[in-house]
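*Asks:* Would you be able to build a 3D model of this:
(one chain, ligands or ions: 2)
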Amino acid sequence: MDNTPTFPATKPQTLGILGAGVWGRTLGQLVTQNGHRVEYWSRSGDRSLEEIVTEANILLSAVSMKGVASVLSQVTALGLAPDTIIVTATKGLDPQTTATAAQLWQQAFPARPVVVLAGPNLSKEIQQGLPAATVVASNDEGAASLVQAVFSSSNFRVYTNPDPLGVELGGTLKNVMAIASGVCDGLQLGTNAKAALLTRGLTEIIRIGTHWGAQMETFYGLSGLGDLLATCNSPLSRNYQVGYQLAQGKTLAEILPDLEGTAEGVNTTQVLIQRAKTLQISVPISYQVHQLLEGKITPKDAVEALMLRDIKPE
Ligand SMILES: NC(=O)C1=CN([C@@H]2O[C@H](COP(=O)(O)OP(=O)(O)OC[C@H]3O[C@@H](n4cnc5c(N)ncnc54)[C@H](O)[C@@H]3O)[C@@H](O)[C@H]2O)C=CC1
Ligand SMILES: O=C(CO)COP(=O)(O)O
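*Replies:* Numbering: from 1, shown residues only. Ligands and ions are numbered 1, 2, ... in the order given. Coordinates of the predicted model:
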């Protein structure tokens, strides 16, 4: 009996990938290996945005959050073909509106399927062909299933999920906890401290996410707990690297230029604190990360502040 796995076959698709950065190229590699055509667009590239957008059955944005609004306005001006599906792989919060990337894309294209792609996906491991899993989430089940089929392979297991907000917030908020996790390891606080941090960190993510309208159970899945574990336990994570190096006494100005790609957690923390204050959501870990990123406290102060909080039921 042939045990070769068979994947949902789809006719070859043309993917336009916006943002030919670390994650965009990694995702492009995956779908090229599955027999689909990939065209990249970046500001420095030789293909126009119009060419990419016109040819794409699936338009995937892997633009870092700081650039999403600008890219989106350019795509909106061009318009999309009637059946083009939008996929967003960005993990961040918009500094101006505090919206997620998918919310910005859906606001610009209200009648169009928007699919969120997020999960425990350290790009370097995926580039090496190591196994990984991810989630594609949308209110449009058919769109999610097509994207699932396009990305699924023996090394990349793709699950669908009907809660795009929860999937996106899980991937976005874990980056704040990854900075805290890097601080924990940078200060060599040990496994007990790390376990406590990740457990309370997940609780904080769920508190924020459900307050914003996501489903609690989503955060116990791959895009929530899964991505939190991958990112907070790996020096491959740029956000973890930020925390680790802050604990070693470096400043953000010294750390950020040497990172490969974008550490979204720095911006996400800033936007999250702004929104948590407005909505009066208790975010003690995120608050300490924010104070640390602002240079107002030392890593040790942050740990003490968390450990000396008034004792309370779990
Ligand atoms: N690298 C990774 O392991 C993973 C990254 N992600 C997410 O993917 C997103 C991108 O991350 P990376 O690829 O690592 O960062 P990166 O910095 O390598 O790539 C970001 C891309 O966005 C483009 N960009 C930024 N501002 C722009 C603007 N105004 N106009 C046009 N293009 C603009 C950059 O040119 C670059 O190509 C982030 O939200 C990240 O959280 C998600 C999963 C894994
Ligand atoms: O999102 C990621 C893993 O799922 C990548 O994490 P970093 O952005 O911290 O490198």
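*Asks:* residues from the stretch 101-250 of the chain in reach of ligand 2?
*Replies:* Residues of the stretch 101-250 of the chain lying close to ligand 2 by Cβ under 6 Å from any ligand atom are 120-122, 175, 178, 227, 230-231, 237-239. Placement of C-beta: from N, CA and C, glycine included.
*Asks:* Just confirm yes or no for the helix or strand hosting L246 near ligand 1.
*Replies:* Taking DSSP states H and E as the definition, one finds L246 inside helix 238-247. No: figure legend: helix 238-247 not in contact with ligand 1 (Cβ under 6 Å from any ligand atom); closest approach 6.9 Å.
*Asks:* Can you name the residues in contact with the following helix or strand past that helix?
*Replies:* Counting by DSSP H and E, the next helix or strand C-terminal to helix 238-247 is helix 252-255. With contact meaning Cβ atoms under 8 Å, 6 or more residues apart in numbering, helix 252-255 is reached by 241-242, 245-246, 266, 293, 295.
*Asks:* Could you dump these into JSON lines with pLDDT and distance to G209 added?
*Replies:* Shown next, in JSON lines, are these (pLDDT from 0 to 100; distance: Cβ to Cβ, whole Å):
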{"residue": "Q241", "pLDDT": "98", "distance to G209": "25"}
{"residue": "V242", "pLDDT": "98", "distance to G209": "22"}
{"residue": "Q245", "pLDDT": "98", "distance to G209": "28"}
{"residue": "L246", "pLDDT": "97", "distance to G209": "25"}
{"residue": "V266", "pLDDT": "98", "distance to G209": "20"}
{"residue": "L293", "pLDDT": "97", "distance to G209": "21"}
{"residue": "G295", "pLDDT": "95", "distance to G209": "28"}
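*Asks:* could you flag which of those are buried?
*Replies:* 241-242, 245-246, 266, 293 (16 or more other Cβ atoms under 10 Å).
*Asks:* Ligand 1 contacts on the stretch 201-314 of the chain?
*Replies:* Near ligand 1, when you scan the stretch 201-314 of the chain using Cβ under 6 Å from any ligand atom, you find 261-262, 264.
*Asks:* burial measure for L306, as a count.
*Replies:* 17 (other Cβ atoms under 10 Å).
*Asks:* ok, and it, which helix or strand is that part of?
*Replies:* For L306, the host element (DSSP H and E) is helix 299-307.
*Asks:* Give me the contact status of stretch 75-90 with ligand 2.
*Replies:* No: no part of stretch 75-90 sits near ligand 2 under the criterion Cβ under 6 Å from any ligand atom; the closest distance found is 9.1 Å.
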